[in-house]
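*Asks:* everything below, folded, please.
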Amino acid sequence: MQHVYLALALAAVAGGFVLEYWCRRATVRSLPSSPPLELSDSYGPGEFDKFIHYTREKTQFGNVQGIVSTAAIFLFIALGGVGWADSLAASWASSLGFAAAGPDASLVGDIVRGLVFLAILGVLSAALGLPFTLYGTFVLEERFGFNRTTMRTFLLDRIKGAFLAVLLGGPLVAAVIAAFHLAGGWAWLAGWAVASAFSLLMLWLGPSLLLPLFNKFTPLEQGELRSDIERYCETQGVDVTGVYVMDGSRRSSRSNAFVTGLGKKKRIALFDTLLESLRKDEVVAVLAHEVGHYSLGHIPRIVTVALLRNAALFFLLGLALADPDLYAAFGVQDMPVAAGLVCFGLAVAPLTYVLSVGDNALSRLHERQADAYAEQTLRENLHVEGGASLAGALKKLATDNLANPDPPRIAVVLHHSHPPLLERIRRLNT
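*Replies:* Numbers count the residues shown, from 1 in each chain. Next up, the predicted model:
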């Protein structure tokens with residue numbers, strides 16, 4: 001089984017690169033020579049050519065990043081990098097006085113070893129991705145007018161992210177390791193329960209506690225737009241506890257909106273860039289789409305699917321962690337839980353890739369339903385042409401963001417959580 005585990009991991013890395021390259025190649029080859037008829041009046045002078053140029057440059061950048069990242073990860077796995085990182089972590093933990101290796105390893109020692117191991121992998125991953133993130137943000141996005149991030153904001157975001165990873169991820173990892181040490185044959189269930197509780201807690205507290213660490217939220221001033229938003233939400237039985245404007249423009253010119261909160265009480269957040277680019281009726285239409293996700297039960301459905309899928313993965317994890325061949329395949333000594341988690345993740349990467357395709361398909365279904373919900377509820381409750389307003393908003397957002405209105409099918413299947421723009425517009429127009 002050693003060779004099977006390693007072969008699955010390496011096949012996932014290499015196969016993923018081939019699929020991604022094929023997807024990017026298909027995207028460039030499918031670029032139109034002129035705007036689609038439905039968008040003929042949406043592009044200003046030179047904007048369509050700018051979209052073509054941006055897509056080509058982004059694809060070339062993706063190819064370079066894919067080659068470098070794939071080669072680095074493939075070699076790291078093939079040459080025993082996972083085992084090296086774990087040995088280094090065990091050595092450091094032992095030097096601190098913890099029984100972290102061998103038959104006398106303790107629970108605390110395994111936790112310390114695991115935390116150090118994951119920290120090493122995190123630093124290596126960040127170092128590999130940093131040059132590409134810097135280029136993508138300060139060169140590519142800057143060149144096409146999207147980037148508004150300063151180096152200070154960029155660095156602060158990284159520091160805050162690292163702090164949260166330690167503050168939140170550390171206890172989670174420790175709890176999962178403890179579950180697999182103490183729960184015996186039910187360790188997979190205990191580990192799943194810990195991870196699920198953490199996910200639900202983040203879903204509840206994240207928008208109110210974590211997002212404000214990165215962005216400023218200002219109450220939307222009283223006026224026609226706020227009145228229209230509150231009136232629409234009232235017709236849908238949504239109790240709005242606050243309507244806020246988020247300073248998304250501090251990092252990018254891209255736009256978005258979202259609704260958060262459990263139960264009937266919701267908080268609405270609108271990017272300031274959204275308010276700058278859309279008419280009031282278009283903003284309300286975008287919001288109606290977001291409300292649709294909650295009213296149609298999409299969030300509980302997604303959470304339920306994720307919890308059930310993770311339960312199956314944790315069951316497989318419980319079986320794999322008891323197999324010495326899993327560790328040996330990646331050069332790991334002993335059977336530390338944290339290293340086992342990483343080895344398992346590498347071995348089942350082909351499965352998780354397939355599952356992500358299913359997640360995207362479900363998300364696209366939900367987006368179509370939310371579009372239809374927005375059109376219907378705006379027409380029936382506010383007596384406005386919600387379909388036209390939402391279509392107009394989608395056109396502006398897509399052209400402003402230089403988004404591909406009609407990507408190839410392979411790109412949609414592999415990556416898109418939303419249906420292509422042309423498909424959405426045609427549905428709304430009918």
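*Asks:* distance of residue 164 relative to residue 196?
*Replies:* 20 Å (C-beta to C-beta, to the nearest Å). Placement of C-beta: from N, CA and C, glycine included.
*Asks:* with residue 28 instead?
*Replies:* Distance of residue 28 to residue 196, given as C-beta to C-beta: 41 Å.
*Asks:* same question for residue 105.
*Replies:* The gap separating residue 105 from residue 196 is 27 Å, by C-beta to C-beta.
*Asks:* beyond the helix or strand hosting residue 310, next helix or strand please.
*Replies:* Using DSSP states H and E, residue 310 sits in helix 298-321. Next in sequence after helix 298-321, counting helices and strands by DSSP H and E, comes helix 324-329.
*Asks:* for that following helix, packing partners?
*Replies:* In terms of contacts (3 or more C-beta pairs under 8 Å, 6 or more residues apart in numbering; DSSP states H and E), helix 324-329 is packed against helix 2-29, helix 337-347.
*Asks:* so can I have TSV of the ones you listed showing mean pLDDT, distance to residue 358 and mean neighbour count?
*Replies:* Converted to TSV, the helices and strands packed on helix 324-329 look like this (pLDDT from 0 to 100; distance: least, C-beta to C-beta, whole Å; neighbours: other C-beta atoms under 10 Å):
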stretch	mean pLDDT	distance to residue 358	mean neighbour count
helix 2-29	94	15	16
helix 337-347	96	18	23
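*Asks:* more neighbours, residue 164 and residue 196?
*Replies:* Legend: neighbour count by other C-beta atoms under 10 Å for residue 164 and residue 196, higher for residue 196 (16 against 13).
*Asks:* wait, the more buried one sits on residue 308?
*Replies:* No. Using C-beta atoms under 8 Å, residue 196 is not in contact with residue 308, being 10.2 Å away.
*Asks:* give me the common contacts of these two.
*Replies:* The contact sets of residue 196 and residue 308 do not overlap (C-beta atoms under 8 Å, 6 or more residues apart in numbering).
*Asks:* low-confidence stretches in the chain?
*Replies:* Low-confidence segments of the chain, defined by pLDDT under 70: 262-265.
*Asks:* ok, and for the helix or strand encompassing residue 412, which residues are buried?
*Replies:* Applying DSSP H and E as the criterion places residue 412 in helix 409-415. By 16 or more other C-beta atoms under 10 Å, the buried positions in helix 409-415 come out as 410, 411, 412, 414.
*Asks:* how about the last one, nearest residue that isn't a chain neighbour?
*Replies:* When the adjacent residues along the chain are set aside, residue 414 lies closest to residue 23, with 5.6 Å between them (C-beta to C-beta, 6 or more residues apart in numbering).
*Asks:* for residue 7, see how far away that neighbour is.
*Replies:* Plainly put, residue 23 is 24 Å away from residue 7 if you go by C-beta to C-beta.
*Asks:* could I get the full set of strands for this protein?
*Replies:* 217-219, 239-246, 257-260, 265-271 (DSSP state E).
*Asks:* adjacent strands (with direction) for the longest one?
*Replies:* The one in question is strand 239-246. Note on strand 239-246: by DSSP bridges, its sheet partners are strand 217-219 (antiparallel), strand 265-271 (parallel).
*Asks:* if you count neighbours, what's buried in the last one?
*Replies:* Taking 16+ other C-beta under 10 Å as the neighbour-count basis, strand 265-271 is seen to contain the buried residues 266, 267, 268, 269, 270, 271.
*Asks:* okay if I get those residues as CSV plus distance to residue 226?
*Replies:* Shown next, in CSV, are the buried residues of strand 265-271 (distance: C-beta to C-beta, whole Å):
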residue, distance to residue 226
266, 14
267, 14
268, 10
269, 13
270, 10
271, 16
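*Asks:* greatest separation within these: which pair is it?
*Replies:* 266 and 271 (16.9 Å; C-beta to C-beta).
*Asks:* picking that back up, touching the helix holding residue 412 from outside, list them.
*Replies:* Contacts of helix 409-415 (C-beta under 8 Å, 6+ apart): 19-20, 22-23, 26-27, 357, 360-361, 364, 404, 419-420.
*Asks:* list just the nearest of those residues to residue 232.
*Replies:* Looking across those and measuring by C-beta to C-beta, the closest to residue 232 is residue 419, at 23.3 Å.
*Asks:* which residues touch the closest one?
*Replies:* 364, 367, 368, 412.
*Asks:* and the contacts of stretch 118-133?
*Replies:* 61, 65, 68-69, 72, 76, 85, 88-89, 158, 165, 169, 173, 338, 342.
*Asks:* my guess is residue 20 contacts residue 59, does it?
*Replies:* No. Residue 20 is beyond contact range of residue 59, at 10.6 Å (criterion: C-beta under 8 Å).
*Asks:* circling back: could you redo the strands of the chain as a markdown table and give each row distance to residue 184?
*Replies:* Output for these, formatted as a markdown table (distance: least, C-beta to C-beta, whole Å):
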| stretch | distance to residue 184 |
| --- | --- |
| strand 217-219 | 46 |
| strand 239-246 | 44 |
| strand 257-260 | 39 |
| strand 265-271 | 41 |
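*Asks:* looking at those strands, which is nearest to residue 350?
*Replies:* Closest to residue 350 of the strands of the chain, according to C-beta to C-beta: strand 257-260, at 32.0 Å.
*Asks:* distance between the closest one and the chain's centre?
*Replies:* 16 Å (C-alpha atoms, centre = their mean, to the nearest Å).
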